[in-house]
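**Q** all I have is the shape, not the residue letters:
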C-alpha cells in the first residue's frame, strides 16, 4: 500500500529549533561581550536569528492543499492564512535560481489576491521538501497545470 500523498509543507521543526538555540547562544554572547561594538553586532545577529525562528514557527504549515471537488491552496503568512481556489491561481511553476554557485529550485505561484496579482515564492527552507515534489502535488490535486 502506497503512503498517502503529503498535502502540507512547512519548515522542518528541528531546523527551527537549531536556529532558536543559535539565537539564544548569541544573545548570551552579546551579554558577556566586553566592548560596545561587539555587544551591538552580536546582539543584532541574535535578534535576526530569533526573528527568523519566530517567523518560521508563526507560519506553520506554510503551504497546505485542501483536496476535494473544489480544491484550495492555503498559504500562511504573518497576517494569517490566505485561501486560493483553482480560479485564483493564474500560474504555478518551478524555476531554478542561482544561489551560492548552485541552481536552486523555487516554487513560484501567481495568484489573484483581492483584485491584485501576487507572486508567491517558496524555497526548500519554506517547504521542508523539494519544490518539484510540491509542484507535482499541486498538479495532482488540480491546482496547477
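**A** Cool, got the structure. Keep in mind the model is a prediction, meaning the values are calculated, not measured.
**Q** chain center to the longest helix seen in the chain: distance?
**A** What stands out as the longest helix in the chain, according to DSSP state H, is helix 36-58. Centroid separation between helix 36-58 and its chain, computed with CA atoms, centre = their mean, to the nearest Å, is 19 Å.
**Q** in its sheet, which strands sit next to the helix or strand just after it, and in what direction?
**A** Going down the chain from helix 36-58, the next helix or strand is strand 63-66, by DSSP states H and E. Applying DSSP bridges, strand 63-66 is found paired with strand 8-9 (antiparallel), strand 72-77 (antiparallel).
**Q** count the neighbours of residue 103 for me.
**A** A count of nearby residues for residue 103, using other CB atoms under 10 Å, gives 10. C-beta coordinates here come from the backbone N, C-alpha and C atoms, glycine included.
**Q** what sits up against whichever strand or helix holds it?
**A** Per DSSP H and E, residue 103 falls inside strand 102-113. With CB atoms under 8 Å, 6 or more residues apart in numbering as the test, strand 102-113 has contacts from 73, 82, 84, 88-98, 117-124, 127, 130-132, 134-135, 144.
**Q** mind giving me the ChimeraX select for those residues, buried ones only?
**A** Here is the ChimeraX command that selects the buried residues among the contacts of strand 102-113 (16 or more other CB atoms under 10 Å):
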select :73,82,84,88,89,92,94,120,122,124,127,131,134,135,144
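**Q** so which of the contacts of strand 102-113 are in strands?
**A** Among these, the ones falling in strands (DSSP state E) are 73, 82, 84, 89-98, 117-122.
**Q** residue ranges with poor pLDDT in the protein?
**A** 1-6 (pLDDT under 70).
**Q** how close does residue 97 sit to residue 12?
**A** 21 Å (CB to CB, to the nearest Å).
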